[in-house]
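A.B. asks: 3D, please:
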Amino acid sequence: MSAQSWFDEGARLSVLTAEPIGRPLDYLAPEGGCFLGAFVEVPLGPRKVMGVVWGAGDGRFEAARLRSVYRVLDVPPMSEELRAFLIRMGEYTMTSLPAMLRLATRTPGLFDAPGARKVFRLGETLPDRMTDARERVLEVLRDHGGAGFYLGELAQAAGVTTQVVKGLAKAGALIEAEVPRDAPYPRLDPLRAGKALSDDQAQAAAALRESGGRFGTVLLKGVTGSGKTEVYLEAVAECLKRGRQALVLLPEIALTSEFLARVEERFGARPGEWHSGATQSERRRLWKMAALGEVQLVVGARSALFLPFRDLGLIVVDEEHDTSYKQEEGALYSARDMAVLRASYADAQVVLASATPSLESWVNAETGKYKRVDLAARFGASQLPDMRAIDMRDERIENVHWISPSLVGAVLDRISKGEQAMLFLNRRGYAPVTICRACGHQIGCDHCDARMVEHRFLKRLVCHQCGETKPIPTACPSCNVEGRLAPVGPGVERLAEEVAERFPDARVAVLSSDLFTTARALKDAIETIAQGGADIIIGTQIVAKGHNFPKLTLVGVIDADLGLQGSDLRAAERTFQLMRQVAGRAGRAEKPGVALLQTYQPEHPVIRAILGGDEEAFWRAEAAQREAQGVPPYGRMAGIILSGPEVQPLFEIGNDLARRTGPLQQIGAQVFGPAPAPIARVRGRHRVRLLVKADKSAPLQRALKAWVRQVKLPNQVRLQIDIDPQSFL
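C.D. replies: Below you'll find the predicted structure:
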């Protein structure tokens, strides 16, 4: 340990806490001394709070006025690599250091004293009497590969009382054991033989292995069904052989269980899991084992990027184009971009995997910043689906229906052959708008500037912005006339009604995130469909995320034009990605697949690009258009959202900012606004938006900091800066 990283007792040092203070505070080192990166407990006013030793004190206060660190906590210190990453990410996203520290320590019970607890594991016998509740308990344990659960956690995960768990233990179906509170994870075997790879896959895997061991980014672009997962698992194996740790980020928790099973098959043990479905005890255990190097592979959501890995050698971002990698609340960041940043400090390899990469990644590969590896064909006998348009202008369809006669015929043909059909509509609920036929009133949220969506399955109206719900009224809340409220437009629930009417003998499954209260329920539904338990699948965007349904041979897109509406600069890109991803669910086994897109704009360039299959031509055209406009990835943008309980002060502050653009003019940036945000009120707070556009090389963050510093915000007004905004709501 260097002299710069050790502080003798009584030495002045700075400690960063997660409290909203904005900077590290000076303290004196405790008895026995302290070291850089140590997690410590310090006094802050009358409270004791956790912090990290961030460096030497700045000397602004006399030592006699400083308080001492209470104690050094018994957890591994924060590495220099992670501290540097948090500092740089905070600077880039304009997030305070305390907020960055919260991202890296958001784990309940993290600093509890080590100890032992009783857990329940699967026994070797089944109980004489089996009930649904008992079966749910056993299923939870099977799903988690034999991992032990604490009594309360197991009962909660299975949706049963603790007495059910105790009864199973008494019957011998569960084993009660005392284990260390935080134990190392089972070792993965990187030398274990994986699945046989095709020639294309073997070449791609070799390219990833050759690029490993040092910092660099590879775009793994493979058509849907090409076996990208098996390829990047070879990169994981190579990383583990080198004795380093690996992280795989997934965009959707529903994908986790299927992926974990593939990892276990490949390496002989399960990796660590980090997502909202993991228990608090597992999250604490994983945090500590990552810091000690006692977990080799972590599979998780975007927040896993902030785990304190001891030696991170590989980050895989699966489905790297997915918009869920952008954190839209609190600290605003893109996990894909921050994965590359963290890897640069850890000297780790990054693999960005997608069938339809983001334009940013495509451009970085084209310009040589990223290496590109392609998988052009599906694995095995499966072929890419045939894609066709159904021109809705030529279809005779009733106003109350949304499935065209052509699509009805195609669905009937597939069902008659014992195959599955999927109908895709990216709208949750029953209808997006409820209107009064008497006065024209549209029912909106009481707290947001958004229409409430009817969810007939829930018998409620739901605001998709803030989550507010209320019963479906019988009378118009504006004119009080009864019986004149009518749903307008389709959602998946309304589509399900039409399917039941048109295909009365078909088994129907609806996949929409709001219809499943737990990740396990969604997983069970997906497994049932994959095993042939449905003839027709109706789904929202969730069905596009990597699921494999072997019997699915037809995908029908109900409204291919939906994503083309609005002024979002990424509308064309996202429509292209979504349509290609959804279509890719068809024909993933031996039987060929077909994707039919219902559209009123078959001549639209995006629809033509989707059907034509020339993806590179689409990316080139989209890139040229963005470059001409000077927008990302060829320029820089920042969104500024002012929010508060009253709208007038927000416009006054926004106009004041628009008049004081000197710091932005110095870097050649343009300011647009202020204007009402497209969703102008959320959770009772009004929202006003400004947009800043600058050259790619401009020092945007420094100019923004000087710009917003010129105005003083009232107590109830909040200003939020979104660097590289993905959503313009």
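A.B. asks: Which of the helices or strands spans Ala624?
C.D. replies: Counting by DSSP states H and E, the element that carries Ala624 is helix 615-629.
A.B. asks: Contacts for stretch 293-300, please.
C.D. replies: Outside stretch 293-300, the residues that touch it by CB atoms under 8 Å, 6 or more residues apart in numbering are 184-185, 187-188, 236, 240, 245-250, 256, 259-260, 263, 267, 271-275, 286, 289-290, 304, 307, 309-311. Bear in mind the C-beta positions are built from the backbone N, C-alpha and C, glycine included.
A.B. asks: before we move on, the earlier item: tell me the buried residues in the helix holding Ala624?
C.D. replies: Neighbour-count burial for helix 615-629, counted by 16 or more other CB atoms under 10 Å, picks out Glu615, Phe618, Trp619, Glu622, Ala623, Arg626.
A.B. asks: quick one, the helix or strand just after it and helix 615-629 angle?
C.D. replies: The element immediately downstream of helix 615-629 (helix or strand, assigned by DSSP H and E) is strand 635-644. Interaxial angle, strand 635-644 versus helix 615-629 (axes from the mean of the first three to the mean of the last three CA atoms, to 10 degrees): 70 degrees.
A.B. asks: How is this protein divided into domains?
C.D. replies: Listed domain ranges for the chain are 3-104, 116-180, 199-375, 386-427+490-622, 635-723 (source: automatic domain parsing).
A.B. asks: Buried ones in stretch 269-276, by neighbour count?
C.D. replies: Result for stretch 269-276 [16+ other CB under 10 Å]: buried residues Ala269, Arg270, Pro271, Gly272, Glu273, Trp274, His275.
A.B. asks: Glu282 is in contact with the fifth one, correct?
C.D. replies: Yes - with contact taken as CB atoms under 8 Å, Glu273 and Glu282 are classed as touching, separated by 6.7 Å.
A.B. asks: Met94: neighbour count?
C.D. replies: 18 (other CB atoms under 10 Å).
A.B. asks: Show the backbone phi and psi for it.
C.D. replies: phi 60, psi 40 (degrees, to the nearest 10).
A.B. asks: So that it lines up with my notes, have the first residue be 5 from now on.
C.D. replies: Got it, first residue is 5 now, which makes that one Met98.
A.B. asks: Not counting its neighbours along the chain, what's nearest it?
C.D. replies: Ile725 (4.9 Å; CB to CB, 6 or more residues apart in numbering).
A.B. asks: Next one: Leu723 from Pro729, what distance?
C.D. replies: According to CB to CB, to the nearest Å, Leu723 and Pro729 sit 15 Å apart.
A.B. asks: The two: which has the busier surroundings?
C.D. replies: Per other CB under 10 Å, whichever of Leu723 and Pro729 has more neighbours is Pro729, with 22 against 17.
A.B. asks: where does the more buried one land in three-state SS?
C.D. replies: coil (DSSP: H, G, I helix; E, B strand; the rest coil).
A.B. asks: Quick check: it touching Ala642?
C.D. replies: Yes - using CB under 8 Å, Pro729 makes contact with Ala642 at a distance of 7.1 Å.
A.B. asks: coming back round to it: if we only consider the buried residues of stretch 273-280, which is nearest to Val377?
C.D. replies: Pro275 (23.1 Å; CB to CB).
A.B. asks: That closest one contacts Arg266, doesn't it?
C.D. replies: No - using CB under 8 Å, Pro275 makes no contact with Arg266, being 10.6 Å away.
A.B. asks: just checking, what packs against the helix holding Ala628?
C.D. replies: Judged by 3 or more CB pairs under 8 Å, 6 or more residues apart in numbering; DSSP states H and E, helix 619-633 is in contact with helix 363-370, helix 575-587, helix 609-616.
A.B. asks: hmm, 7 Å instead?
C.D. replies: Applying 3 or more CB pairs under 7 Å, 6 or more residues apart in numbering; DSSP states H and E, one finds that helix 619-633 makes contact with helix 363-370, helix 575-587.
A.B. asks: pLDDT on stretch 582-600, on average?
C.D. replies: Averaging pLDDT along stretch 582-600 gives 82.
A.B. asks: got a list of contacts for it?
C.D. replies: 228-229, 359-360, 385-387, 389-392, 394, 411, 414, 423, 426, 428, 545, 547-548, 551-554, 556-561, 564, 567, 601, 614 (CB atoms under 7 Å, 6 or more residues apart in numbering).
A.B. asks: Which ones among the residues you listed map onto strands?
C.D. replies: If you go by DSSP state E, those have 390-392, 394, 426, 428, 556-561, 601 in strands.
A.B. asks: Look at the closest residue to Gly422 other than its chain neighbours and say how many residues are nearby.
C.D. replies: Of all residues beyond its chain neighbours, the one nearest Gly422 is Lys555 (7.5 Å), with distances taken as CB to CB, 6+ apart. Counted with other CB under 10 Å, residues neighbouring Lys555 total 20.
A.B. asks: Who are the contact partners of Lys555?
C.D. replies: Contacts of Lys555 (CB under 7 Å, 6+ apart): Glu423, Gln424, Gly536.
A.B. asks: The nearest residue to the first one once chain neighbours are set aside: what's it in contact with?
C.D. replies: So the one you mean is Glu423. Spatial nearest neighbour of Glu423, chain neighbours left out: Thr557 (4.5 Å); criterion: CB to CB, 6+ apart. Taking CB under 7 Å, 6+ apart, we find Thr557 in contact with Arg418, Glu423, Gln424, Ala590, Gly591, Lys595, Pro596, Gly597, Val598.
A.B. asks: where along the stretch 305-454 of the chain do the strands fall?
C.D. replies: Shown for the stretch 305-454 of the chain, the strands assigned by DSSP state E, counting those that start in this stretch span residues 316-322, 330-331, 337-338, 353-358, 375-379, 390-395, 424-428, 437-440.
A.B. asks: Same question for the stretch 455-604 of the chain.
C.D. replies: Counting by DSSP E, counting those that start in this stretch, the strands of the stretch 455-604 of the chain are 457-459, 464-466, 473-475, 489-492, 512-515, 540-543, 556-561, 598-603.
A.B. asks: So which of those is nearest Pro131?
C.D. replies: Between these, strand 512-515 lies closest to Pro131; by CB to CB that is 31.2 Å.
A.B. asks: Please identify the pairing partners of the closest one and their relative orientation?
C.D. replies: In the sheet, strand 512-515 lines up against strand 540-543 (parallel) (DSSP bridges).
A.B. asks: Can you list the buried residues in the strand it pairs with?
C.D. replies: Buried, per 16+ other CB under 10 Å, within strand 540-543: Ile540, Ile541, Ile542, Gly543.
A.B. asks: right, and out of the residues you listed, which lies closest to Val344?
C.D. replies: Checking the buried residues of strand 540-543 one by one against Val344 (CB to CB), the nearest turns out to be Gly543, at 31.5 Å.
A.B. asks: Pretty sure the closest one sits against Leu515.
C.D. replies: Yes - here Gly543 reaches Leu515: they are 3.9 Å apart, a contact under CB atoms under 7 Å.
A.B. asks: contacting residues around the longest strand belonging to the chain?
C.D. replies: Ranked by number of residues, the top strand in the chain under DSSP E is strand 674-686. Residues from elsewhere that reach strand 674-686, judged by CB under 7 Å, 6+ apart: 452-454, 469-470, 645, 655, 658-659, 662, 665, 668, 690-697, 732-733.
A.B. asks: Rounded mean pLDDT for it, please.
C.D. replies: Mean predicted confidence for strand 674-686 is 87.
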